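Participant: Prediction below, plus the sequence it came from.
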Amino acid sequence: MEKGGAGMSVLASPIRVGNLEINNRLVLPPMATAKSTENGEVTDALCAYYAEKSAGGSLGLIITEHSFVHPRGQASAGQLSIAKDSDIVGLKKLTTVIHQNQTKAFAQISHAGGLAKQAIIGAEPLSASATVFPKVSRAEGIPKQMTVKEIQHVISAFVAAAVRAKEAGFDGVELHSAHGYLLNQFYSPLINKRRDAYRGDQISGRIKLHLEIIRGIQKQVGMDFPIAVRLGASDYLPGGTSIEDSVIAAKAFEEAGVCLIDVSGGFSFYTHPHTKKEGYFCDLSEVLKKSVHIPVILTGGVVTASAAEDLLVSNKADMIGVGRAILKDSNWASEALAALE
């Protein structure tokens, strides 16, 4: 059982993530706001949003909304960009706003892959394989299978994005390998039908891209810049990713130097097909927490302080992500911590 300090709730207790001391276990997970410019640049409205969410310092960690690492990986109009060096100036404004409120900030870096839309990217979407996506993904047709050269370009794009994140003052980066995006497309056997070194019928092939990105980032920014992975730990679909796969993946990520696993759905996206209970991905996070020595974040339908605390006390996770409740009510975090005192 987890315990906070004397008279302190577990939710309010500090935690170490890599070399970072985080004030408490409460996380604002990445949620797209579409408040960027058409080119994905930071706006005053976006800064105001994060200033409001972090006000009072009641959130331990904010993982900012998914930012595309390359124009061909843009998921939607108004998505935040980390794809070019000129983005750093705006991103610095964003981290300054969050840090002023004594909150740590990670940048979530992402490539939409086969979920990109041709109308937005002006090119054919790329993926692990040229295959039909599950209906739930709302993919527009069959993407082009990436060549090994194109994979190398994507690795370079992720690495360059992490360098920009560090320069912009982020405390770490999170690789987005959930919700059907490109890294998730390589990870899921539903999409990855490759037969080369990135092969889809072996977990080692399906996480090869992730590990190459992780090593590339470490080479450029050093071993002490925290890297998290948001893992679509199950597709909840026949023939899809299973929790057994994710135990192997999480252990490999930890061994590679990843310091945080953020659990979500794969091609079930951010919903669980069988339950709506608070912390609905706890069937995944509990298993992963037992399998690794690094902190595990659980997000999914948490709307009450008592549920957040219970999930921590019962060892379902080390940190709790609360998205929609904080989206609706910016005072949720401070009120939750006060309610548990």
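Facilitator: Good, I have the coordinates.
Participant: State whether residue 229 is indeed within a helix.
Facilitator: No. Assigned with DSSP: H, G, I helix; E, B strand; the rest coil, residue 229 falls outside any helix and is strand.
Participant: going forward, begin numbering at 8 instead of 1
Facilitator: In the new numbering, first residue 8, that becomes residue 236.
Participant: which residues does it contact?
Facilitator: 181-182, 184, 217, 257, 260, 265, 267-269 (C-beta atoms under 8 Å, 6 or more residues apart in numbering). No exception for glycine: its C-beta is placed from N, CA and C like everyone else's.
Participant: same thing but 7 Å
Facilitator: Residues in contact with residue 236 (C-beta atoms under 7 Å, 6 or more residues apart in numbering) are 181-182, 184, 217, 260, 265, 268-269.
Participant: How many residues are close by the closest residue to residue 22 other than its chain neighbours?
Facilitator: Counting by C-beta to C-beta, 6 or more residues apart in numbering, residue 22 lies nearest to residue 29, which is 5.2 Å off, once chain neighbours are set aside. The local packing of residue 29 (other C-beta atoms under 10 Å) involves 21 other residues.
Participant: and residue 29, how far is that from residue 64?
Facilitator: 11 Å (C-beta to C-beta, to the nearest Å).
Participant: before we move on, the earlier item: touching, the residue nearest to residue 22 and residue 21? I think so.
Facilitator: Yes. Shown here, residue 29 and residue 21 form a contact pair, counting by C-beta atoms under 7 Å, at 6.3 Å.
Participant: so who does the spatially most central residue of the chain touch?
Facilitator: Taking C-alpha atoms, centre = their mean, the centroid of the chain lies closest to residue 237, which sits 3.7 Å from it. For residue 237, the contact set (C-beta under 7 Å, 6+ apart) comprises 115, 181-185, 269, 271.
Participant: And residue 326, by the same measure?
Facilitator: Going by C-beta under 7 Å, 6+ apart, residue 326 touches 22, 32, 34, 302, 304.
Participant: same deal with residue 151?
Facilitator: By C-beta under 7 Å, 6+ apart, the contact set of residue 151 is 131-133, 137.
Participant: hmm, 10 Å instead?
Facilitator: Listed by C-beta atoms under 10 Å, 6 or more residues apart in numbering, the contact set of residue 151 reads 121, 130-134, 136-137, 157.
Participant: Give me the phi and psi for it.
Facilitator: Backbone torsions for residue 151, taken as degrees, to the nearest 10, come to phi -90, psi 130.
Participant: my guess is residue 309 meets residue 329, correct?
Facilitator: Yes. With contacts counted by C-beta atoms under 10 Å, residue 309 reaches residue 329, the gap being 5.1 Å.
Participant: tell me, what's touching those two both at once?
Facilitator: Shared contacts of residue 309 and residue 329 (C-beta under 10 Å, 6+ apart): 33, 285, 315, 343.
Participant: if you skip the residues just before and after it, what's nearest to the last one?
Facilitator: Right, residue 343. residue 312 (3.6 Å).
Participant: now the one you found: how far from residue 344?
Facilitator: Per C-beta to C-beta, residue 312 is found 8 Å from residue 344.
Participant: list residues touching both of those two?
Facilitator: Taking C-beta under 10 Å, 6+ apart as the contact rule, residue 312 and residue 344 both touch 16, 18, 33.
Participant: Out of these, which sit inside helices?
Facilitator: Residues of the shared contacts of residue 312 and residue 344 located in helices (DSSP state H): none.
Participant: Doesn't residue 180 lie inside a strand?
Facilitator: Yes. Applying three-state DSSP, one finds residue 180 inside a strand.
Participant: any idea which of the contacts of residue 326 is closest to residue 251?
Facilitator: residue 304 (20.5 Å; C-beta to C-beta).
Participant: immediately after the helix or strand encompassing the closest one, which helix or strand?
Facilitator: In the assignment (DSSP states H and E), residue 304 maps to strand 303-306. Remark: after strand 303-306, the chain's next helix or strand is helix 312-320, criterion DSSP H and E.
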